[in-house]
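Student: here is the input, now give the coordinates:
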Amino acid sequence: MLIDVNGDTAYAYTAGTAPVPDRPAIVFVHGAQNDHSVWTAQARALARQGHPVLAVDLPGHGRSAGPALATVEAMATWLLALLDAAGITHAVLAGHSMGSLIALEAAFQAPARVRALALAGSTWPMKVSDALLETARTDEATAIDMVNLWSHASIAPAAAGSPQGFWVPGASRRLMQRLSQLNPAQLFHTDFVACNTYANGDAAARAVACPTLFVQGRRDVMTPPRSAQALVAAIPHARVVALDCGHSLMTEQPEAVTNTLADFVRGLN
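Tutor: Residues are numbered from 1 along each chain as shown. The predicted structure is shown next:
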């Protein structure tokens, strides 16, 4: 689905669904140097269950035009503008990593529009090491290799249910490389700086009144569960689910993430 947002073309994967009046859409937001495709398994499964879905490409990522936005606040404002353009009045926002901060900030900016939050691989502050920031600025290919290695609990196994020969870390690495080719303007560095400088996380979390779900990878070294304790504590009504995987939860444990999200959304009715 192509949508005009502020004069630029934005892309969102709908899995063949369309907005339903008076029913929230499930809107998936990807993380740094990723696009909508990291949420494909979950979007398809929830669409088959009858939910309208929208998995977005942020500006400068995938098929969405325009330069990458430099702050989480700007990305959240853009996301709300995309919902306006798509005719979606209420949404369940599901975000991964940087996308979880965008979802959190969007709920802060427009709480009446957000029916619920699902935050995967999330933490705040989402600090990025100086070494990784500098590598992303000067040698994006190496930064991609570093993050890809750290994002997976194991370099060998395919996700359960994947086609024979499918290699999850290899597919993730290739996606990041492709995005680097599509947008050579230091995309990874821009995303990392946005995560690193986002300062409104505590206020946004404390303002959350809607149902909230945290999905964590027990072996996540990018956003370890222990680093998210303050964020989780700021939303005391939140539910926390831990899975046996690393940071790339949706591709390492696609069925478990899908089932967790489906159960969460089912409980909203």
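
Student: use CA for all of it now, contacts and neighbours both
Tutor: Will do.

Student: which parts of the stretch 151-269 of the chain are helices?
Tutor: Listed in chain order, the helices of the stretch 151-269 of the chain (DSSP state H, counting those that start in this stretch) span 168-182, 187-197, 201-206, 229-233, 249-252, 254-266.

Student: export these to a markdown table and tack on mean neighbour count?
Tutor: Shown next, in a markdown table, are those (neighbours: other CA atoms under 10 Å):
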| stretch | mean neighbour count |
| --- | --- |
| helix 168-182 | 18 |
| helix 187-197 | 22 |
| helix 201-206 | 18 |
| helix 229-233 | 16 |
| helix 249-252 | 26 |
| helix 254-266 | 17 |
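
Student: out of these, nearest to Ala25?
Tutor: Minimum separation from Ala25 across those (CA to CA) falls at helix 254-266, 10.5 Å.

Student: which residues are contacting that closest one?
Tutor: The contact list for helix 254-266, computed with CA atoms under 8 Å, 6 or more residues apart in numbering, reads 41-42, 45-46, 118, 159-160, 213, 215, 241, 243, 249-250.

Student: mean pLDDT for the helices of the stretch 151-269 of the chain: which is lowest?
Tutor: Among the helices of the stretch 151-269 of the chain, helix 168-182 has the lowest mean pLDDT, at a mean of 91.

Student: remind me what that one packs against, helices and strands.
Tutor: helix 140-150 (3 or more CA pairs under 8 Å, 6 or more residues apart in numbering; DSSP states H and E).

Student: so what does the helix it packs on touch, helix or strand wise?
Tutor: Against helix 140-150 (3+ CA pairs under 8 Å, 6+ apart) you get helix 130-138, helix 168-182.

Student: how about it as PDB, C-alpha atoms only?
Tutor: C-alpha atoms of helix 140-150 as PDB (Å, rounded to 0.1, in the frame of the first residue of the first chain):
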ATOM      1  CA  GLU A 140      28.400   1.000   7.800                       C
ATOM      2  CA  ALA A 141      29.200  -2.400   6.400                       C
ATOM      3  CA  THR A 142      31.200  -3.300   9.600                       C
ATOM      4  CA  ALA A 143      28.500  -1.900  11.800                       C
ATOM      5  CA  ILE A 144      25.900  -4.100  10.000                       C
ATOM      6  CA  ASP A 145      28.100  -7.200  10.700                       C
ATOM      7  CA  MET A 146      28.500  -6.200  14.300                       C
ATOM      8  CA  VAL A 147      24.800  -5.600  15.000                       C
ATOM      9  CA  ASN A 148      23.800  -8.700  13.100                       C
ATOM     10  CA  LEU A 149      26.100 -10.900  15.100                       C
ATOM     11  CA  TRP A 150      24.800  -9.400  18.400                       C
END
